[in-house]
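Student: Just to be clear, the model below is a prediction. Sequence and coordinates:
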Amino acid sequence: MRSASTSAPKLPSRAFLLRIHLFRYNKKAVSKLQARAMAFTGLEQRASCARSAAESAGQGHVFRHWDLLAEPEKDQLLKDLEGLDYEYLSRVFSSSLAASSAPSFDGVEPATDVVQLKDTTAAQAAQWTHHGYRLITEGRAAVLLLAGGQGTRLGSSLPKGCFDIGLPSHKSLFQLQAERLLRLQRLAAAATETPPSAAKPLRWYVMTSAFTHADTLAHFQANGYFGLAPEQVTFFQQGFLPCFTEDGKLILETRGSLAKAPDGNGGVYLSLARSGVLDAMAAAGVECLDCYCVDNSLARLGDPRFIGYCHGFAKADVGARVVAKAYPEEKVGVFALRRGAAAATTAAAGSLAVLEYSELDPALASATNPETGQLYYNWSNICMHYFSVQWLRDVAAQLLAGGGTPYHVARKRIPSVDGPVAGVKLELFIFDTFPLAGNRTALVEVDRREEFAPVKNAAGGFSASRRGRPPASPAWPGHTSSPPPQSAASYDLSHALSHPCCDGAVRGGWNEMLGCMMRCSVPPRLWITVSTDTLPNGVQLRQLASLFNLCRARAQARPPTPPTPRAPPCCSFTPAGFAPPAA
């Protein structure tokens, strides 16, 4: 008989093991139930606060489907409601509706104080440009890009800035503009004799939208920010406004979401403020912004002549680059001075505004000044603006308070949970706030052929945006308006090498480019380049070829010199920098 000390250990029974397993399972299940209960409690707490705020504002109807919603739908509805300032929306809706039913102005006059190309001397332009370069190198000027639109009309669901406009290099609009910004930094440092280590980067503020933000960010990241430092590029999103019924009630698009619409490109003011970007600008020492739209393939972003004039000479809070109307019936907005309701918010007798072509009487639109031979209402808005940062802060504060300027009212059929309903969308245009600048404004004429070529459709890309334009005026000896030979190979030059800015397009950019090309031994056949679209002042291929041959002959006539290492500033440009046409 075995003793107790030597007996085999007793194994746990199956029933005991089952009880242990059930205990562990139940513990996990209880944890999950507790987490769901906490989430449910949090959702209900949020719903209680949101419901109370909505009912106080007379908008309690947005909760009428609440009990039928799944948790994700409830969460989405709360997200839509929690960002609303009901008092602000009520003021904006009432003032905008009242303004839409009243005349926007009692009278209108042509904008006369325009700095025209024909009246600008080379010495003046040089002064303005140098001041602009100084602002850039000191970090007091920055660039603002409006890039919230999708490329739907271009046949793409991506942001417009990602669009390949048909150049041989297949560069996107974003890349072309980033390269211009890079080149402008270098030109500014050279013009002001500022060492690269002391020159501040030119900041680029990019306004996206909910539709384009993720794709825009991904495009920049995938391409290494096109050579820019990531910290000099700031992205922020355009806002939305809810859609209303005629009596001011919010519209539900679905049982669990509000009907919303973008607040227009004038939403940039509130978006800058609400995102904290405006405060960050001021903290970084930025005093002024050059603003443009992403689809302008010829935009001279950060144009030092323009910002130098507005900041240092006109002392303006708001500026605009303008082009002369192509013909009286051209469907473009024009700058004018408004009197009456639109000017009542300022102390000025007349305030700068933009009249849409539909607002201008046809007789006024075609009236010509006998003294100048120009149209009275001659200066088109191309959405290329200058802003002082302090003025932007003031305007944002007024808009946040529900004042400043009314929004445009668009009455449309709006999709809703009950089917399409008659509703109201509110939007603000970027020029609607210009009357708030009083007489601290500036208008500067630019050459349409050199600075304005919006890409509006996919067919033809960049070429289509320039189709129908007259040939550029002769600027070099022997210039002709004959087109380049169709059989010539086409190449586009990187704007990281040549920025088409002011007279630097010829002297500072193209001459430097030619020197680089010769020092890099770029074969002449490779720079039978580009189309006339990208040549300065209408320079034709034959002039470039003649100039290259002349420079090469002079170089060959000089005594030979020992070879020297190629310096990076000169020869960041190499034959590999050319992008040949796609096969």
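Tutor: Great, that's in hand. Numbers count the residues shown, from 1 in each chain.
Student: Show me the domain layout of this protein.
Tutor: Domains of the chain are assigned by automatic domain parsing as 97-448, 476-557+566-577.
Student: and residue 60, which of those domains is closest to it?
Tutor: domain 97-448 (10.2 Å; CB to CB). C-beta here means a position set from N, CA and C on the backbone, and glycine is covered the same way.
Student: What is the end-to-end distance of that closest one?
Tutor: 37 Å (CA to CA, to the nearest Å).
Student: and what of stretch 442-451?
Tutor: End to end - CA to CA - stretch 442-451 spans 18 Å.
Student: Next, residue 143: phi, psi?
Tutor: Main-chain torsions, residue 143, degrees, to the nearest 10: phi -120, psi 140.
Student: err, residue 420, not the other one
Tutor: Main-chain torsions, residue 420, degrees, to the nearest 10: phi -60, psi 130.
Student: what's near enough to touch it?
Tutor: Residues in contact with residue 420 (CB atoms under 8 Å, 6 or more residues apart in numbering) are 413, 414.
Student: Name the residues that touch stretch 421-428?
Tutor: Residues outside stretch 421-428 that contact it (CB under 8 Å, 6+ apart) are 92-93, 96-97, 241, 243-246, 251, 259, 261-267, 269, 405, 407-414, 416.
Student: nope, stretch 120-133 is what I meant
Tutor: 141, 187-188, 191-192, 303-309, 311-313, 502-504.
Student: Narrow those to those in helices?
Tutor: Mapping those onto helices (DSSP state H) picks out 187, 188, 191, 304, 305, 306, 307, 308.
Student: Distance to residue 120 and pLDDT for those residues - can I get that in TSV?
Tutor: Conversion of the ones in helices among the contacts of stretch 120-133 to TSV gives the following (distance: CB to CB, whole Å; pLDDT from 0 to 100):
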residue	distance to residue 120	pLDDT
187	20	94
188	21	95
191	19	94
304	14	97
305	9	96
306	12	97
307	15	98
308	12	98
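Student: CSV please, covering those residues and showing neighbour count and distance to residue 456.
Tutor: CSV is the format used below for the ones in helices among the contacts of stretch 120-133 (neighbours: other CB atoms under 10 Å; distance: CB to CB, whole Å):
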residue, neighbour count, distance to residue 456
187, 24, 30
188, 27, 32
191, 19, 35
304, 27, 28
305, 26, 27
306, 27, 24
307, 27, 27
308, 26, 31
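Student: Relative to residue 352, which of those residues is nearest.
Tutor: Looking across these and measuring by CB to CB, the closest to residue 352 is residue 306, at 16.2 Å.
Student: count of neighbours near residue 378?
Tutor: 22 (other CB atoms under 10 Å).
Student: hang on, it packs against residue 332?
Tutor: No: Residue 378 lies out of contact with residue 332 (CB atoms under 8 Å); the separation is 10.7 Å.
Student: anything in contact with each of the two?
Tutor: residue 325.
Student: Just give me the neighbour total for the residue lying closest to residue 113 once chain neighbours are set aside.
Tutor: Excluding the flanking residues, the one nearest residue 113 by CB to CB, 6 or more residues apart in numbering is residue 443, at 6.6 Å. Residues near residue 443, counting by other CB under 10 Å, number 22.
Student: again, but for the one 5 residues further on
Tutor: Residue crowding around residue 448 was assessed by other CB under 10 Å; the count is 18.
Student: Find me the pLDDT at it, would you?
Tutor: Turning to residue 448, the model gives it a pLDDT of 91.
Student: Surely it and residue 324 touch.
Tutor: Yes: counting by CB under 8 Å, residue 324 is a contact partner of residue 448 at 7.2 Å.
Student: mind putting the ones in helices among the contacts of stretch 120-133 in JSON lines, distance to residue 64 included?
Tutor: Shown next, in JSON lines, are the ones in helices among the contacts of stretch 120-133 (distance: CB to CB, whole Å):
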{"residue": "187", "distance to residue 64": "61"}
{"residue": "188", "distance to residue 64": "59"}
{"residue": "191", "distance to residue 64": "64"}
{"residue": "304", "distance to residue 64": "57"}
{"residue": "305", "distance to residue 64": "58"}
{"residue": "306", "distance to residue 64": "53"}
{"residue": "307", "distance to residue 64": "53"}
{"residue": "308", "distance to residue 64": "58"}
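Student: Which one of those residues is nearest to residue 73?
Tutor: Ranked by distance to residue 73 (CB to CB), the ones in helices among the contacts of stretch 120-133 are led by residue 307 at 48.5 Å.
Student: Quick one: residues contacting that closest one.
Tutor: Applying CB under 8 Å, 6+ apart, we find residue 307 in contact with 132, 135, 141, 288, 290, 386.
Student: So it versus residue 133, what's the distance?
Tutor: 10 Å (CB to CB, to the nearest Å).
Student: Would you map the strands across the stretch 201-350 of the chain?
Tutor: 204-208, 233-237, 240-242, 252-254, 257-258, 260-262, 288-293, 318-324, 334-339 (DSSP state E, counting those that start in this stretch).
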